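Asker: Provided below are the primary sequence and the corresponding predicted coordinates.
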Amino acid sequence: MNTHNGSETTSYEVLVIGGGSGGLTVAAQLRNREDAPQVAIIEPSDKHYYQPLWTLVGGGIVAKEESERNEADFIPPGVTWIRERVATIDPEAHTVTTEEGQTVHYEQLVVAAGIQIDWDKIPGLKESVGKPGTGVVSNYSFDTVDSTWAAIRTFTGGNAIFTEPKTGVKCGGAPQKIMYLAEESFRKQGVRDKAEVLFMNAKPSNFTAPAYGATLRRICDERDITINLEHELVEIRYGSKEAVFKRADGSELVMKYDLLHVTPPQSAPDFLKRSPLGNADGWVEVDKHTLAHVRYPDVFALGDNSSLPTSKTGAAIRGQAPVLVENLMARRAERALTASYDGYTACPVVTGYGKLLMCEFDYSKNPKESFPFDQNQERYSMYALKVYGLPRMYWHGMLRGRM
């Protein structure tokens, strides 16, 4: 691994923006090839997080430290690491400039900058989340995830509200996974009969893929969990422990809460919203099958910051990365882009301690399952895969470009 800092112009055959799941996987797969191009990654963070574990941290199953590694340990051999933040992208000139003033020239660009958590979009959220006495918690940050389990294990009754915003989010199932763990914890703690568990979802359906959504709705019915669709959290009055929701008809509902787990609104990173690469919402506008940009043929994107109409998960990146690498190398060789991504994604929805629904589907939203049994039912085997198998596959396989 090389590191680079400075204000002069540098040039690389392939430049990757983002050292998260997508960026590291693509860089590793490129470097593992016999015809490996010269690669650099722009990534400011010195820590890397396996974020799917944060649901399990919030449920008291694992320690949050298990999700953290040093970024340096996963920069692939031979790849230059530029430890800076991106300021602007000029796809006409094939350059990226950093906030520190460095200009980096590329032949091909891979945009894998992830998704931005907009904590400040809900008044009262940033000031209250994870703070003692507010009742407001969230699994969506390493700094706040411990507060979720602290609130669940000390809960004595009242309204336990779990929210999902209108925007796309990292792992579409995560907003409700923690709710199932909390509900079971309340039963184990002997306070379930004093608790009202509510899922306040701003979207018009409780889950993206209808077949699994029906099963999750049945689970909620069996466990006396109330689902309110098209209810968007718009304000938190943490002093009085009130949550304000906006309904589809524009009216507002004010609810008292004792525990409020917030999935914050999320969007494309600001530098992408300002760039020529984004669509109207700022997502990098790529062909949904080839992952090549629709206007700039030397630009590719994958993962959460892309316009791909599928759930934003690590499993989706695992399906996207080989397609992107194949097509990027075809572009370098001036060949047709023939590799195609079908929208495959997976959401392992934890539905309790030792129970999981392994939801796998493609662009059609129809199940596309990997295992020789009906995955549309809760299983311990799939829970064990999530807790013990997938983290190892991630650190030792996916990020090393081996799968």
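Answerer: Nice, I can see it. Numbers count the residues shown, from 1 in each chain.
Asker: From here on, just use CA atoms for contacts and neighbour counts.
Answerer: Noted.
Asker: low-scoring pLDDT stretches of this structure, where are they?
Answerer: Low-confidence segments of the chain (pLDDT under 70): 1-8.
Asker: ok, the spatially most central residue of it to Pro269 distance?
Answerer: The C-alpha lying nearest the average C-alpha coordinate of the chain belongs to Lys170 (C-alpha atoms, centre = their mean; 2.4 Å). Distance of Lys170 to Pro269, given as C-alpha to C-alpha, to the nearest Å: 13 Å.
Asker: which non-adjacent residue is nearest the residue nearest to the centre of the chain?
Answerer: Once flanking residues are discounted, Lys170 sits nearest to Lys312: 5.3 Å by C-alpha to C-alpha, 6 or more residues apart in numbering.
Asker: Look up phi and psi at that neighbour.
Answerer: phi -90, psi 90 (degrees, to the nearest 10).
Asker: Kindly report the same for Arg295.
Answerer: Backbone torsions of Arg295, given as degrees, to the nearest 10, read phi -120, psi -30.
Asker: now swap in Met358 and tell me
Answerer: According to degrees, to the nearest 10, Met358 has phi -90, psi 100.
Asker: And for it, nearest residue in space, chain neighbours not counted?
Answerer: Pro348 (4.5 Å).
Asker: ok, that neighbour - how many residues close by?
Answerer: For Pro348, the number of neighbouring residues by other C-alpha atoms under 10 Å comes to 23.
Asker: What lies in contact with the helix or strand hosting it?
Answerer: Under the criterion of DSSP states H and E, Pro348 resides in strand 345-352. Here strand 345-352 makes contact (C-alpha atoms under 8 Å, 6 or more residues apart in numbering) with 171-174, 177-178, 180-181, 184, 310-313, 315-316, 319, 356-362, 378, 382-383, 386.
Asker: partner strands of it, parallel or antiparallel?
Answerer: Using DSSP bridges, the strands paired with strand 345-352 in its sheet are strand 355-361 (antiparallel).
Asker: Name the next helix or strand downstream of the partner strand, please.
Answerer: Following strand 355-361 in sequence, per DSSP H and E, is helix 380-384.
Asker: quick one, strands of the stretch 51-200 of the chain?
Answerer: 68-70, 80-82, 86-90, 95-98, 103-111, 116-117, 136-137, 158-164, 195-201 (DSSP state E, counting those that start in this stretch).
Asker: Identify whichever of those strands lies nearest to Val299.
Answerer: For Val299, the closest of those is strand 103-111, at 4.8 Å, according to C-alpha to C-alpha.
Asker: Common neighbours of Lys170 and Pro269, please.
Answerer: Ile115.
Asker: Which helix runs longest in this structure?
Answerer: The longest helix of the chain (DSSP state H) is helix 314-332.
Asker: Going by neighbour count, list what's buried in that one.
Answerer: Buried residues in helix 314-332, defined by neighbour count with 16 or more other C-alpha atoms under 10 Å: 314-329, 331.
Asker: What lies in contact with it?
Answerer: Applying C-alpha under 8 Å, 6+ apart, the contact partners of helix 314-332 are 21-22, 25-26, 29-30, 108, 290-292, 297-298, 300-303, 310, 336-341, 343-347, 398, 403.
Asker: With that, I have no additional questions.
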